[in-house]
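Curious how this folds, go ahead:
(one chain, ligands or ions: 1)
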Amino acid sequence: MDLRVEGLSHAYDGMAVLDGIDLDIATGRILCLVGPSGCGKSTLLRIIGGLERPVSGQVMQLGTPPEGCLNPLTYVFQDFALLPWRSVAGNVRLGLEAHGLPEARMAEIVSDVLARTNLSDFAEALPKQLSGGMKQRVAIARALAVNPAVMLLDEPLSALDAQTRELLMEDLVSLWTRAPFTAVYVTHNLAEAVRLGHSIAVLSRRPGRIREIVHIDKPLADRIHMDAELESTQEHLWNLMREEARAADAELLNA
Ligand SMILES: Nc1ncnc2c1ncn2[C@@H]1O[C@H](COP(=O)(O)OP(=O)(O)OP(=O)(O)O)[C@@H](O)[C@H]1O
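Predicted coordinates for the structure are as follows:
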């Protein structure tokens, strides 16, 4: 299932936040959204996920969700959003429970997704026993368990240290390479965007408009750390964002 965002604009109490956004999110591809603080990235993600209605424009679902899809649009949040009293397996089961699946089928899905995310040995652990990186792996496993048409990730690695971010990027690349998923991935981090994005939409400062959509053809599995071509794309993205980021920064300071 593809998503198409058409002429989307949004405002809060008269403050324009997004202006005339057009985007195509193609099946099996990762689209990154980057842009200065407060430009409306998370708002756009919430609208794509149906959590908010835009003032104008629309988000269209084109085609049908994949077979076995229990929840077409599924979020992964920066703060993991795990239930502390549930084990890893219990958290992963969470999204399956409202769908009336037989117990054995749920157990099968949980076991499969824990294996795919290298969490099988931690199935009975509680979130408080896990590092931040492991918690985010659980949140990703929980999202994958419902076999979403599109995963919506809002700064999923921002709360993690640099090394853990690197490990999780490798995990996401290997998950995608084994079974390509569709995702919209909001990030502040341009290095993340060039490692994970098939395309990267650069937003202007508020009200967010699309400044440019940069496509990267190199396969995700071939995008190694410190790759010269990726660094040059990252430089290009930063050149697009620098002035906007400075202005957004000053705006926030003066608010
Ligand atoms: N529910 C809301 N009510 C009112 N204003 C809001 C609401 N949500 C967001 N805003 C404002 O809308 C603007 C865009 O916010 P949003 O969180 O979408 O931006 P962002 O690009 O994701 O920011 P950041 O990069 O800092 O996370 C900000 O000025 C924010 O304060």
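
Just say helix, strand or coil for residue 58.
Under DSSP: H, G, I helix; E, B strand; the rest coil, the three-state class of residue 58 is strand.

How many residues are close by it?
12 (other C-beta atoms under 10 Å). All C-beta atoms are positioned from the backbone trio N, CA, C, and that covers glycine.

Next one: it from residue 26, what distance?
Noted for residue 58: a distance of 18 Å to residue 26, by C-beta to C-beta, to the nearest Å.

In the stretch 51-200 of the chain, mark out all the helices, start to finish.
In the stretch 51-200 of the chain, the helices defined using DSSP state H, counting those that start in this stretch lie at 88-93, 103-116, 132-145, 162-178, 190-196.

hey, what's the spatially most central residue of the chain bridged with?
By C-alpha atoms, centre = their mean, the chain has its centre lying nearest to residue 153, at 2.0 Å. Residue 153 has these beta-bridge partners by DSSP bridges: residue 76, residue 185.

Distance of it relative to the ligand?
12 Å (C-beta to the nearest ligand atom, to the nearest Å).

show me what contacts that residue?
Neighbour list for residue 153: 75, 76, 183, 184, 185, 186 [criterion: C-beta atoms under 8 Å, 6 or more residues apart in numbering].

Kindly recompute the last result at 7 Å.
Counting by C-beta atoms under 7 Å, 6 or more residues apart in numbering, residue 153 makes contact with 76, 183, 185, 186.

Please apply the same query to residue 117.
137, 140, 141.

The first one contacts residue 121, doesn't it?
No: the pair formed by residue 137 and residue 121 falls short of the contact definition of C-beta atoms under 7 Å, at 11.9 Å.

neighbour-wise, which of those two wins?
Regarding residue 137 and residue 121, a neighbour count based on other C-beta under 10 Å identifies residue 137 as having more, with 25 against 9.

Report the spatially nearest residue to that one, omitting neighbours in sequence.
Nearest in space to residue 137, with sequence neighbours left out and distances taken as C-beta to C-beta, 6 or more residues apart in numbering, is residue 117 at 5.2 Å.

hang on, the earlier thing: I'd like the contacts of residue 117 laid out as TSV, including pLDDT and distance to residue 67.
Shown next, in TSV, are the contacts of residue 117 (pLDDT from 0 to 100; distance: C-beta to C-beta, whole Å):
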residue	pLDDT	distance to residue 67
137	94	25
140	95	21
141	95	20
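
which of those residues come close to the ligand?
Counting by C-beta under 6 Å from any ligand atom, the subset of the contacts of residue 117 that neighbours the ligand is empty.

Need the phi and psi values for residue 67.
phi -60, psi 140 (degrees, to the nearest 10).

tally of neighbours for it?
By the measure other C-beta under 10 Å, the count of residues near residue 67 is 6.

What sits closest to it if chain neighbours are left out?
Among residues not flanking residue 67 along the chain, residue 147 sits closest, at 8.0 Å (C-beta to C-beta, 6+ apart).

shouldn't that neighbour be in contact with residue 66?
Yes: using C-beta under 7 Å, residue 147 makes contact with residue 66 at a distance of 5.9 Å.

between the two, who's got more neighbours?
Under the criterion of other C-beta under 10 Å, the comparison of residue 147 against residue 66 puts residue 147 first, with 20 against 15.

dump the residue contacts of the more buried one.
66, 68, 69, 70.

which secondary structure elements does the lowest-mean-pLDDT helix or strand in the chain contact?
When the helices and strands of the chain are scored by mean pLDDT, DSSP states H and E, helix 228-254 comes last with a mean of 86. Applying 3 or more C-beta pairs under 7 Å, 6 or more residues apart in numbering; DSSP states H and E, one finds that helix 228-254 contacts helix 190-196, strand 199-203, strand 210-215.
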